[in-house]
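Test case, fold it:
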Amino acid sequence: MEPTQEPNISATHLTDDGVRFVTERHLATLSTLSRNGTIHTVPVGFTLHDGTAFVITSRSSQKVLNARRSGDATICQVEGAGWITLIGHAEVLEDPESIALAVSRYTARYRQPRVNPERVAIAVRVERILGSAGYVER
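This is a model prediction of the structure:
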């Protein structure tokens, strides 16, 4: 499958195959910490640009509440034996420009999302990357 976007991920250490993997249409999981310390994991679409992963969602979602509270987040994309995990600090973006940019990138990778007047974006500033051999520079 051909990539649907060309991200600028200079802050990461992905190989060309790794870049292809995170631009193809695959879903991932987002894990955040719940109030009681348990891990809350949900399926998401995400995009990666300049070392930041973006997830669009609703303002009242549990993942937004968790991101606001702890700021810790992990995104993991898996396809067969190939995988990449992005670990970092999450911030909730609510300004119209940031949301529009996140929606535009999401649309390029996946499809036009449904209309959502409560939409926000979660930005995960990637601090560490793990992944399959061939996807992450060692």
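
Which parts of this protein are helices?
Assigned by DSSP state H, the helices in the chain fall at 16-23, 62-69, 96-109.

Nearest to residue 34 among those helices would be which one?
helix 62-69 (6.0 Å; CB to CB). Using the backbone N, CA and C atoms, a C-beta is placed for each residue, glycine as well.

Please convert the helices of the chain to a markdown table, extending it with mean neighbour count.
Compiled in a markdown table, the helices of the chain are given as follows (neighbours: other CB atoms under 10 Å):
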| stretch | mean neighbour count |
| --- | --- |
| helix 16-23 | 18 |
| helix 62-69 | 18 |
| helix 96-109 | 16 |
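
hey, where'd the strands end up in the protein?
28-33, 39-44, 47-49, 52-58, 72-79, 82-93, 119-131 (DSSP state E).

now those in a markdown table, with distance to residue 104, mean neighbour count and mean pLDDT?
Putting the strands of the chain into a markdown table (distance: least, CB to CB, whole Å; neighbours: other CB atoms under 10 Å; pLDDT from 0 to 100) gives the following:
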| stretch | distance to residue 104 | mean neighbour count | mean pLDDT |
| --- | --- | --- | --- |
| strand 28-33 | 19 | 20 | 99 |
| strand 39-44 | 17 | 14 | 99 |
| strand 47-49 | 9 | 23 | 94 |
| strand 52-58 | 10 | 22 | 98 |
| strand 72-79 | 19 | 19 | 98 |
| strand 82-93 | 13 | 19 | 98 |
| strand 119-131 | 11 | 20 | 96 |
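
Arrange those strands in JSON lines, one row each, with distance to residue 99 as further columns.
Formatted as JSON lines, these follow (distance: least, CB to CB, whole Å):
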{"stretch": "strand 28-33", "distance to residue 99": "17"}
{"stretch": "strand 39-44", "distance to residue 99": "15"}
{"stretch": "strand 47-49", "distance to residue 99": "13"}
{"stretch": "strand 52-58", "distance to residue 99": "7"}
{"stretch": "strand 72-79", "distance to residue 99": "18"}
{"stretch": "strand 82-93", "distance to residue 99": "7"}
{"stretch": "strand 119-131", "distance to residue 99": "5"}
